[in-house]
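Asker: have a look at this prediction, sequence included:
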Amino acid sequence: QVQLVESGGDLVQAGGSLRLSCAASGSIFSINFMGWYRQAPGKQRELVAAITSDSSTNYADSVKGRFTISRDNANHTVYLQMNSLKPEDTAVYYCKATGLRRVGPANAAAFASWGQGTQVTVSS
């Protein structure tokens, strides 16, 4: 099993900044994809930013220029630096990771794991 634990969510005023962290642990062989998603009340979960093992990144149009995703491969951690926050950024932010987990001494299996979510609230 691979577990993800997010942290860093908080209440912040519009224009402020937050940094979210997501650490993966467990029987990890390799992590390819790490991404941040968010879900606001009454809305579908949407991709905010993603980063692959070769550091290729992808951002939702709504956050380009304001958010930056990065990762620490050695510690299986992904970060989301959020600047110039807007009230419409208010949501529960979820971390997702996909890759290979160890199964026994010589085998690996694909995994896809989600974190439990962290609340980000931006007041106007």
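Answerer: Cool, got the structure. Residues are numbered from 1 along each chain as shown.

Asker: CA atoms only for stretch 15-24, dumped as CSV, please.
Answerer: Extracted in CSV, the C-alpha atoms of stretch 15-24 (Å, rounded to 0.1, in the frame of the first residue of the first chain):
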residue,chain,number,x,y,z
GLY,A,15,-3.9,37.9,-2.4
GLY,A,16,-2.2,35.8,0.1
SER,A,17,-0.1,32.6,-0.3
LEU,A,18,-0.1,29.1,0.9
ARG,A,19,2.2,26.1,0.4
LEU,A,20,0.7,22.6,0.3
SER,A,21,2.7,19.5,0.9
CYS,A,22,2.0,15.9,0.1
ALA,A,23,4.2,13.1,1.3
ALA,A,24,4.0,9.5,0.0
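
Asker: would you mark the buried spots in it?
Answerer: 18, 20, 22, 23, 24 (16 or more other CB atoms under 10 Å). No exception for glycine: its C-beta is placed from N, CA and C like everyone else's.

Asker: what segments of this structure are helices?
Answerer: Ranges of helices in the chain, per DSSP state H: none exist.

Asker: which ones among the buried residues of stretch 15-24 lie within strands?
Answerer: 18, 20, 22, 23, 24 (DSSP state E).

Asker: in CSV: these, plus pLDDT and distance to residue 68.
Answerer: As requested, those are exported to CSV (pLDDT from 0 to 100; distance: CB to CB, whole Å):
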residue, pLDDT, distance to residue 68
18, 98, 12
20, 98, 11
22, 98, 14
23, 98, 18
24, 98, 19
